[in-house]
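Student: dropping a prediction and its sequence here:
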There are 2 protein chains.
Amino acid sequence: MLDQRHARRGDATEDLGKAEATRQSILAAAARVFRADGYAGARLSDIAAKVGMKAGSLYYHFDSREALVEAVMDLGLKQTHETVAKRLRALPPDVGHVRRLEVAIEAHLELVLAHEDISSATIKLIWQVPAQIRERQLADQRAYGALWRKLLTDARKAGAIRGDVDLSVVRMAIMGALNWAADWYKPGRMTPRQIARDIAAMVLGGLAGEPKNKRK
Amino acid sequence: MLDQRHARRGDATEDLGKAEATRQSILAAAARVFRADGYAGARLSDIAAKVGMKAGSLYYHFDSREALVEAVMDLGLKQTHETVAKRLRALPPDVGHVRRLEVAIEAHLELVLAHEDISSATIKLIWQVPAQIRERQLADQRAYGALWRKLLTDARKAGAIRGDVDLSVVRMAIMGALNWAADWYKPGRMTPRQIARDIAAMVLGGLAGEPKNKRK
DNA sequence: GTCTATAGTTGGATAGAC
DNA sequence: GTCTATCCAACTATAGAC
């Protein structure tokens, strides 16, 4: 039963498994190259080299350069959305609205700053890819945006956050503050968690006034 | 004295004047095209068409595509820096630190959202251009960053803002919140000034607690 | 200063061997 | 599934006419 042959097997399971594994390596390599060199600068040959193949071979797995970048971004968005949602679900039901926002901010930022991660590549790519891809991607992001919108409107309904600011503006401002970090962050001086804590403190508590103490 | 001849004049003033005017139109057109299509998507022929010339003619004014994009970005950064600085200088000397931050936030955002403006193109381009250009650009941005750093450290020294957050993180988070707007903002529902006010309210006052009243 | 024409590259995409 | 070879389109950049 434990047939060792691996060539020429009709067994679709193994073939699909192998192709799928290669596909995943390509996506990871593509994320790194696109992230580092930008959409314009990334060459298929660079991506192929990273997985030990030649440029032409990529076409067995993806229809085109654009299909590849889109697959990377789909995965990145899915990853971010699912991780943040999971983190929120894991909270006890009696957790306050402000704390929930804080958790979401931390989770999102940690994904953004994950070293060479697909999520962070996605964020950097969104404004670099051709308009058509971007439109589709932005449409998909609405679902993730809805998660944040609900977080904010629930908080407001409960009286946990101020009522004199537009929640769409606030939501985009938070996204900007977090996503921008993908560009300036260099590992070393601070951890993603520390940064998340400071941004959350600013967003939720505000800079003005407050204790003058050094960080606890 | 008022020599009307305009051809073959040795007079450097007029020649420079004309060339300079054309140069400015090209920069404005380039900003719009680069902003709309991204660094990768923008074609020299598109830019040339916008000023009513052919692609090849651009080379009389700029050495290369890269020189052109760099000139756009230099101008954009300078514009932003100078405008924000001027707005701050115009304030009465006794204005509080928090108010000064608010003014800087408003000024920066208004530039970012200026319709088809060179400043907003610059922001979008920074992570799209080749690494070498980006490095030079980021170096130039340090001077502008210094303005914000001083704004924040002065405020902290005066006890006007909380002491438990890292000011570099705060600075970059503010930049992110503001710059991101270049991407999502669509004129219509809100004015740049309203958006600036909401972001400033969040950054300075925080979302948590506060009045539940509708915007005044 | 701008045009036309074209040289020169680059890199995405395809075909067929293995 | 991957390779080699090649085609082909796109676009930057240059040369010389006007």
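Tutor: All right, it came through fine. Since the structure is predicted, the reported quantities are computational estimates derived from the model, not experimental observations.

Student: what about the closest residue to A:Pro192 other than its chain neighbours, distance to DNA strand D?
Tutor: Excluding its sequence neighbours, the residue lying closest to A:Pro192 (CB to CB, 6 or more residues apart in numbering or on different chains) is A:Leu113, at 4.2 Å. (C-beta placed from N, C-alpha, C; glycine too.) Separation of A:Leu113 from DNA strand D (CB to the nearest atom of the strand, to the nearest Å): 31 Å.

Student: repeat for A:Leu152
Tutor: 41 Å.

Student: mind listing what the residue lying closest to that residue once chain neighbours are set aside touches?
Tutor: Distance criterion CB to CB, 6+ apart; nearest residue to A:Leu152, sequence neighbours excluded, is A:Leu167 at 4.7 Å. Shown in contact with A:Leu167 (CB atoms under 8 Å, 6 or more residues apart in numbering or on different chains): A:149, A:152-153, A:156.

Student: between those, which is nearest B:Ala28?
Tutor: Minimum distance to B:Ala28 across these is 36.9 Å, recorded for A:Arg149 (CB to CB).

Student: okay, now A:Pro93: neighbour count?
Tutor: By other CB atoms under 10 Å in any protein chain shown, the residues close to A:Pro93 number 5.

Student: now it: which helix or strand?
Tutor: A:Pro93 is part of no helix or strand, with elements assigned from DSSP states H and E.

Student: for A:Leu58, give its distance to DNA strand D.
Tutor: Distance from A:Leu58 to DNA strand D, by CB to the nearest atom of the strand: 8 Å.

Student: wasn't that residue part of a strand?
Tutor: No. Secondary structure of A:Leu58 (DSSP: H, G, I helix; E, B strand; the rest coil): helix, not part of a strand.

Student: wouldn't it be in contact with A:Asp46 here?
Tutor: No. The criterion here is CB atoms under 8 Å, and A:Leu58 misses it with A:Asp46 at 10.9 Å.

Student: neighbour-wise, which of the two wins?
Tutor: More crowded of A:Leu58 and A:Asp46, by other CB under 10 Å: A:Leu58, with 23 against 17.

Student: picking that back up, and of the contacts of A:Leu167, the nearest to A:Arg197?
Tutor: Using CB to CB, the contacts of A:Leu167 come closest to A:Arg197 at A:Leu152, 19.6 Å.

Student: got the phi and psi for that closest one?
Tutor: When quoted as degrees, to the nearest 10, the phi and psi of A:Leu152 stand at phi -80, psi -40.

Student: which ones are touching it?
Tutor: The contact partners of A:Leu152, by CB under 8 Å, 6+ apart, come to A:101, A:161, A:167, A:170-171.

Student: ok, and the most crowded of those residues?
Tutor: Counting by other CB under 10 Å, top hit in the contacts of A:Leu152: A:Ile161 with 26 neighbours.

Student: any idea how far B:Gln132 is from that residue?
Tutor: Using CB to CB, to the nearest Å, we find A:Ile161 at a distance of 44 Å from B:Gln132.

Student: just A:Phe34 next, same as before
Tutor: 19 Å.

Student: between those two, which is the more surrounded one?
Tutor: Between A:Phe34 and B:Gln132, counted using other CB under 10 Å, A:Phe34 has the larger neighbour count: 26 against 10.

Student: can you pull the buried residues of the longest helix that chain A contains?
Tutor: Secondary structure assigned by DSSP state H gives helix A:12-41 as the longest helix of chain A. Within helix A:12-41, the residues that count as buried by 16 or more other CB atoms under 10 Å in any protein chain shown are A:22, A:26-35, A:38-41.

Student: again, but for stretch A:149-157
Tutor: Under 16+ other CB under 10 Å, the buried positions of stretch A:149-157 are A:151-152, A:155-156.

Student: which ones among these map onto helices?
Tutor: Among these, DSSP H puts A:151-152, A:155-156 in helices.

Student: show me what from chain A comes close to DNA strand D.
Tutor: A:15-16, A:18-19, A:22, A:48, A:52-57, A:60-61 (CB under 7 Å from any atom of the strand).

Student: can you name the element that comes right after the longest helix of chain A?
Tutor: Sequence order places helix A:44-50 as the next helix or strand after helix A:12-41, per DSSP H and E.

Student: wait, does the next helix or strand after that next one contact chain B?
Tutor: Toward the C-terminus, helix A:44-50 is succeeded by helix A:65-89 as the next helix or strand (DSSP H and E). No. Helix A:65-89 lies out of reach of chain B by CB under 8 Å from any CB of the partner chain, never closer than 11.3 Å.
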